[in-house]
Each structure stands twice: as C-alpha cells, then as structure tokens.
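Show me the folded form of this:
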Amino acid sequence: MNGDFATPETAAGPERAAGPIPWRLFTSSMGFLTQSRLRRMLHLSGHQICLGLPGKSDGVLVWGQSATSNRGQALAARRNLPLIRVEDAFLRSLRPGRMGDAPLGLLIDPLGVHFDASGPSLIEQCLHSDRLYDSNFLARAETGIARLRALDLSKYNIHDLSLPLPAPGYVLVVDQTKGDASLRASGADHTTFQTMLARARADYRSERIVIKSHPETARGLRPGHFSPADAQKNVTLLSDLVSPHKLL
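Reported below is the predicted structural model:
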C-alpha cells in the first residue's frame, strides 16, 4: 500500500489537516481507492483516505453530487460526522476525464458543492466574507485571472488556437452534457435548454445565434442537449474546439 492510503488499523498519527476538515476521511467510492492521483493530492492536502467505519473525530469523503454520494451522505448523517465533498478544480486537465486524463487539482469542500444552489459552499462563504476587502487576497485573485487569460487556460485545454471563430456580433448559447451533476443539482433538464434557445431566438430575431457544444459532446463522449437539427435560420452549432476565452 502507498503511504497515502490506509485501513483503520494502519491509519494513525496526529491530525495534520488544516482547518475544519478532519485528517482521516473514510470513503466507499472506488475512485478514491483506485486512482493514485486523487489519493496523492488528498494526502498532500493533509488527509488520510481510509476504509471501514469512521470514528467520532473522522469525516466522510464523497465525490461531489455523484450518483454514489448519497451513501456517504447517509453515513455522515447517521454517525453525525462532517461530510467532505471533492470535485475537479476549475483548471482540470488537458483532455476531459472520460478520455483518461487525471485531474490536476481538486476542490475540497466541507460545506457543499459550488454548483449546487440549494446549499452553501466554500466559494459562497468566501464571497460573503471579509476576504473580499483583503487587498492581498484580491491581488492574488487578479494575478490568477490574468495568468489564465494570458495562457488561454480553461477547465479542459484541448482547444486549438488556430481554429477560426465566428465573426463578431453573435449571441452565444452554451450547451452542457445530459445528466451532468451540475444540472441535477440546479434542477435543469432538456426542457431548460430548449427554453433557453427559444428565448434567444425570440429576443434576437435578426442576430446570429451560436450554440457552443460541450468538449465531451464534440468528442462523442457524452450527448448534449442540442444537435444539428437545432441549427436553423440564424442559428449555427459550433462543435470545433475553439478557445473559450476567445469565443467569449
């Protein structure tokens, strides 16, 4: 076994994790158990990933709002323990995870998930805190934003900077993959996306409308909510892997 993975019998030592998140995190998700990159990042964040039943000073680890997260949520509630949710960082990888690329970073959140509006998250807490009046904190954020823009970085980074963009003056409609956790958490569905496109057509009758496909849809990994059948009259479907920065 690697040093960053343990069973309850081998996990021991002083609490190392900073902040309110417990050191030992128990999970039943196979992704945390089989993906060494995830275990390594959590270990470097000060956490030990464990199997079995957690104790009173431990936490329960789940992946975002995945289909299996309900088991961990029920366990945390039953034993009155902190529930820790992990999600891909906003700068994730070169290619989507379904193409085999491991994440470059993780969001570790003891409050919730940033895309779930039904409850708070660390990002929401930060936006409501005095940190927005901290000049050093804001300067760090501005530097990070400037670097992302200068290097043309996004969540996925398989876009081709040489691909042509639509001529300026278009209305942008952005697609998402069907069944994505962010849609389930927000209560959106296929009808929501069709309504969005219908509203764009009604509000911008004389403008060009560009539907941007999700990178996973463009690669045939997961279906989206729009298809070539939606490209009628002033609407075009953009599946090319163009730079999201330049498109926006």
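
Once you drop chain neighbours, what's closest to the spatially most central residue of the chain?
In the chain, the C-alpha closest to the average C-alpha coordinate belongs to residue 88, at a distance of 4.5 Å (Cα atoms, centre = their mean). In space, and not counting its chain neighbours, residue 88 is closest to residue 103: 5.0 Å by Cβ to Cβ, 6 or more residues apart in numbering. In this view, the C-beta of every residue, glycine as well, is placed from N, C-alpha and C.

Pretty sure the one you found sits against residue 90.
No. Judged on Cβ atoms under 8 Å, residue 103 makes no contact with residue 90 at a distance of 10.7 Å.

what about these two, which has more around it?
residue 103 (19 against 14; other Cβ atoms under 10 Å).

so what's the more buried one up against?
37-38, 41, 88-89, 92-93, 97 (Cβ atoms under 8 Å, 6 or more residues apart in numbering).

State the distance from the residue nearest to the centre of the chain to residue 34.
Note on residue 88: its distance to residue 34, by Cβ to Cβ, to the nearest Å, is 17 Å.

How about residue 144?
Relative to residue 34, and taking Cβ to Cβ, residue 144 is found at 31 Å.

quick one, which of the two is more surrounded?
A count of neighbours by other Cβ under 10 Å puts residue 144 above the other of residue 144 and residue 34, at 12 against 9.

would you list every one of the helices in the protein?
Shown for the chain, the helices assigned by DSSP state H span residues 30-34, 36-44, 69-79, 122-127, 135-150, 181-186, 190-203, 215-218, 244-247.

Output the ones you listed in a markdown table; the columns should cover mean pLDDT.
What follows is those, written out as a markdown table (pLDDT from 0 to 100):
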| stretch | mean pLDDT |
| --- | --- |
| helix 30-34 | 85 |
| helix 36-44 | 91 |
| helix 69-79 | 93 |
| helix 122-127 | 90 |
| helix 135-150 | 95 |
| helix 181-186 | 90 |
| helix 190-203 | 96 |
| helix 215-218 | 93 |
| helix 244-247 | 94 |
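
Nearest residue to the residue of the chain positioned farthest from its centre in space, ignoring adjacent ones along the chain?
The C-alpha centroid of the chain is most remote from residue 206, which lies 35.1 Å away (Cα atoms, centre = their mean). Leaving aside its chain neighbours, residue 206 sits nearest to residue 234 (7.6 Å; criterion: Cβ to Cβ, 6+ apart).

residue contacts, that neighbour?
201, 205-209.

May I see the ChimeraX selection of the buried members of these?
Those of the contacts of residue 234 that count as buried under 16 or more other Cβ atoms under 10 Å are selected in ChimeraX with:
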select :201,209
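
now the contacts of residue 234 as a markdown table including distance to residue 24?
Output for these, formatted as a markdown table (distance: Cβ to Cβ, whole Å):
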| residue | distance to residue 24 |
| --- | --- |
| 201 | 53 |
| 205 | 59 |
| 206 | 60 |
| 207 | 55 |
| 208 | 55 |
| 209 | 51 |
